[in-house]
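Asker: Based on what follows, work out the 3D shape:
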Amino acid sequence: MAAFRPVSPQVHFPDLEETVLALWRERDVFRQSVEGRSQESRYVFYDGPPFATGLPHYGHLVASTLKDIVPRYWAMRGHRVERRFGWDTHGLPIEMEMEKQLGLSGPGDIRAYGVAAFNEACRGGVLRYTAEWEKVVSRLGRWVDFQNDYKTMDPSFMESVWWVFRQLWDKGLIYADFRVMPFSWRLSTSLSNFEANMDYRDVQDPAITVTMPLLDAEESLLVWTTTPWTLPSNLAVAVGEEIEYVRARKAGEEAVYIIAAARAEAILGKGVEILDRFPGSQLVGRRYAPLFDYFADLADRPAGEGQAFVVIAAPHVTTADGTGLVHMAPDFGEEDFQACRAVGIGVLQSVDDEGRFVRDIKDFAGRNVKEADADIIRWLKDAGRLVRHDTIQHSYPFCWRSDTPLIYKAVPARFVRVEALRERMQAHNQTIHWVPEAVGQKRFGNWLADARDWNVSRNRFWGTPIPIWRCEGCGAERCIGSIAELEAATGAEVTDLHPHRIDHLTIACADCDGQARRIPDVFDCWFESGSMPYAQRHHPFEGADTFAADFPARFIAEGLDQTRGWFYTLHVLAAALFGRLAFKHVIVNGLVLAEDGKKMSKRLKNYPDPGEIIHQYGADALRAYLINSAAVRAEPMRFAERGVRDTVRKIVLPLQNAYNFLATYAQADGWEPSLDTLEHKPQTPLDRWILSRLQDFVGQMRAELSAYALSNLVPAFHRICDDLNNWYIRRGRRRYWREKGDSDGSESAAAEADDKAEAYATLFRALVTVTKAMAPVLPFFSEMLYQRLMVDTGLADGESVHFCAFPEPDAALRDAKLEDAVAHVRRTVAVAQALREKEGVAVRRPLPSLTVAVHTAGVAEALRHFEADVLGELNVKALELTRDDADLVTLRAKANFKTLGRRLGKKMKVVAKAIADLEQRTLRALAAGGTVEVEGETLSGDDILLVREPRAGRAVASDGDVTVMLDLEATPELVREGLAREVINRVQNLRKQANLDVSQRIVLFVDGPAEGLLAAAIADAAMRELVASETLSLEVVVGAIPEGIRDRAEDTIDGEALRLGLAPAYEDDDDDDADADEGDAAD
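Answerer: Numbering: from 1, shown residues only. Now for the predicted structure:
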């Protein structure tokens, strides 16, 4: 059997990970991990397709980490978890990239260049970064199938998208309408409402108040707007019929204005003169002079038949801001559009698809609407129509792809009747397990409550074409649902569904003699990604019989923005097609920001390159850091490189040290594990304690992973690493020190040998358990440990830790009473250690005693049972227990508002003051479990919080109900022992520097001062014996170090010079019990 292979302390963890990656590739471990599980145990995971037009960033790495941890866990639970990567290859991201590369700007340039040529350029460039994606994702340790990936531009995928649309068409869920929609003038296309919600920014805009003179009186309507560019298209003014309006004058002015009573003073200033009051209903039907004369002829139309420049009623008018009179431009506001349409006022189409005023707007024709604001305001001022000009800061939507401000514009579009599905979708959402829960109940739930019909058409080029053919003669429409249907209808062979490959195909109209041509729009790319559960498998054209097993998904994960994106479109289409969920469990991650809290920027270089972070610290450290961050709670996180570095220090290094401890001593001792080792049930309390803690750890890991609560995993790692390294190994290391061959055949020697074997077996079992339990999170390091612990020793039943079953807690190994006892002991030790540090007493200097005030028999029993551990950890000579801490601390009382607040109500303040004034005697009785009468109320310990404060002049410390006192007296004997232990520490460092084996005996040379405390310690025979036994020194030679000694060091102890040297030594008879590593705090 091979010996344990230590991990070099100087190891570069990323290099270890590269070795693991090579092992995985060589043994095809990922494929085996999938195919080794049965089809019947399928766990379905959907992977949202990213755009391949840019390199992966930290947001992708967070999501990729989540998408790897969960499938690894369920695979270790025995499930077949296929992980197929996908690419979003259509839509605005690639079109904009190709426009940039080809020197084009907008649809006009694209049409001039040629749609076919442009689309083929998109096809050729869309997968530009796929190799980089595969490299980064694989290096992160994420297992995913790139070879069997899906692409939204594949004909099979596109055909399934057609099928989805056809199902909606047949269900009556598709309709055409002319509506005001979010519109990107840079991209010349409308967007969906949820796309408009993806990128809101705080901006400053003009807010102006203008006059609309009434035709039947010498007075003007006052109208307020934050979009001056829409005023040339004004066709009406809206009022609230129930709102009170006034005729008013500014102080000292003659002009009469009509304004909402609630807004008069805010707009016209103090001293405003109110001439009359009346409801808004009296304004309805009154006509006014248009601001601009571009469409003045519309005023001559009959009322109700398109007559413009008239006051109308609208329910959306409020007095929260503005003037209470709303300027109506039906081209550019949804509420404007609906209110105007109700009275027969239509739209003008005064702005083209590139956001420029059309020829009819002669003063501003060809100008970008947003850029024209200043000139329009100037024109209004010159015309005497501007009453007030302010600047406001507000949140405004921007195009999520072009970074330009959106406008709202009336356009023709195809819609999915989402509002008809709203109640169904809300009900389904209640059954989805969201992590965090608030995202599903609030953010997503609120979005569903106000879900609007979905505009799925885009006036673009590179995408799946909407499969509607409209007759040029009678306008009849036909929806095509498959390639076969299109071929049958056209008689042509179809191999590609992109618009430039099929738009020449016509279909004979069934209602007339005309020919039908495809409408020019393509699908919103979110419709395609929302169709992914069906299109990735070419449903229903292939594998329809197995579809039920793969739908819905058990798990998905993406960023918070996808509550308005992929999560939403999956949800809508699943509800529409099948009346079902699309996914059962979802983890939502937040945004990753730069350390300064700003958005990560390549230009600003305010974040470290992800590849460099992995190269420096390793992927495991990055993964653990990310899932321990706010990002996994769907909150923004500030990425800090030191966080990754700290993860190495707090998790990876402790686990490496624990393994190396086992490997070093097992190799020196010739100890070898067997399969029985993993079933061994020890009797030693320390061993039983760590195995009990392991069951708690494993149980928590299973519970958190099963609940998808990944943010709780790293804290569990920290706790088990602390238990394993800082208590179990630290307190038990002397059990491994007795060298092989030390047994003299006595009963005590045999017992020591048995105890040593038990220690090895327990530590081995603990490390194997932790290795398996952390495998989903730290796949590289766990694999490295597994290869050394199980594969090298011939105990593995598989080639990889990722083939193993995830550990199950063993209730028989849990000992809650023992865990509580050790917890009490460790807490006491921690308080005392902090006290030592506060008092400035070196940890290696022994102290005479520790006094602990104990208030329960259980704590006293625990401290006595583990007294040797307490003394060793704290380097004290004696432990004293007392039930009365009156000499150590004074008590102070505070009211427990949590328990008393509701009960006492208004009386709480008086009672709280009385509690704070209680005498020590009363508080002592309360601490002993009694009750106390305060202001007529009987109060117990649950109602009063007791705070223990150390008495002045004592080395005392308290934490809750733990109170300790250290005797700081420095006797000559203790001072000498403390100095001897400082010498031991310097020798241990020199042993490590000399790379000596842990069992190597030495001759030690010590050259110290001629006089003083250090000289006295060195001269003390008992202290020299202590140094010799702790450092494996056969002989301690005091005096000048011989010139031939190669391994030497110089140091100081309490300001006194010390020179050390050592040389390997050999003997025929091994009798000493010693070690080259530090043990207790004193060493």
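Asker: Can you give the domain ranges for this protein?
Answerer: Residue ranges of the domains in the chain are recorded as 200-397, 637-814, 889-950, 972-1064, according to automatic domain parsing.
Asker: Torsion angles phi and psi at S1033?
Answerer: Phi and psi for S1033, reported as degrees, to the nearest 10, are phi -100, psi 120.
Asker: same thing with V115?
Answerer: Note on V115: backbone dihedrals following degrees, to the nearest 10 are phi -60, psi -40.
Asker: Please report how far R642 lies from D321.
Answerer: When CB to CB, to the nearest Å is the yardstick, R642 and D321 sit 46 Å from each other. Just so you know, the C-beta spots here come from the backbone N, C-alpha and C atoms, and that holds for glycine as well.
Asker: Please look at V831 and G960 and confirm they touch.
Answerer: No. Using CB atoms under 8 Å, V831 and G960 do not qualify as a contacting pair, with a distance of 9.2 Å.
Asker: which of the two has more neighbours?
Answerer: V831 (18 against 11; other CB atoms under 10 Å).
Asker: who's in contact with that one?
Answerer: 957-959, 962-964 (CB atoms under 8 Å, 6 or more residues apart in numbering).
Asker: Please pick the buried ones from those residues.
Answerer: Neighbour-count burial (16 or more other CB atoms under 10 Å) is assigned, among the contacts of V831, to 957-958, 962-964.
Asker: among those, which are in strands?
Answerer: Among the buried ones among the contacts of V831, the residues falling in strands (DSSP state E) are 957-958, 962-964.
Asker: Arrange those in TSV, one row each, with pLDDT and distance to R903 as further columns.
Answerer: Putting these into TSV (pLDDT from 0 to 100; distance: CB to CB, whole Å) gives the following:
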residue	pLDDT	distance to R903
A957	86	34
S958	82	28
V962	84	29
T963	87	30
V964	90	35
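Asker: quick one: I519 and W469, what's the gap?
Answerer: Plainly put, I519 is 8 Å away from W469 if you go by CB to CB.
Asker: the more surrounded of the two?
Answerer: Neighbours per residue, other CB under 10 Å: of I519 and W469, the larger number sits with W469, 23 against 18.
Asker: how many other residues sit next to L850?
Answerer: Neighbour tally, L850, other CB under 10 Å: 25.
Asker: nope, E97 is what I was after
Answerer: Residues near E97, counting by other CB under 10 Å, number 19.
Asker: can you check A893 too?
Answerer: By other CB under 10 Å, 25 other residues sit near A893.
Asker: Also N119?
Answerer: Under the neighbour criterion other CB under 10 Å, N119 is assigned a count of 22.
Asker: how close does the nearest residue to T227 once chain neighbours are set aside get to R460?
Answerer: Taking CB to CB, 6 or more residues apart in numbering, and ignoring the residues beside it in sequence, T227 has F332 as its nearest neighbour in space, at 7.1 Å. For F332, the distance to R460 equals 22 Å [CB to CB].
Asker: which stretches of the stretch 601-750 of the chain have low pLDDT?
Answerer: For the stretch 601-750 of the chain, applying pLDDT under 70 flags the ranges 738-748.
Asker: Spell out the residue ranges of the helices in it.
Answerer: The residue ranges that make up the helices of the stretch 601-750 of the chain, judged by DSSP state H, counting those that start in this stretch, are 610-617, 619-627, 641-647, 653-669, 685-706, 713-723, 730-732, 747-773.
Asker: Name the stretch among the ones you listed that sits most buried.
Answerer: Among those, judged by mean count of other CB atoms under 10 Å, the one packed with the most neighbours on average is helix 619-627 (a mean of 27).
Asker: What are the phi and psi values at V351?
Answerer: Per-residue torsions, V351: phi -130, psi 130 (degrees, to the nearest 10).
Asker: All set, thanks.
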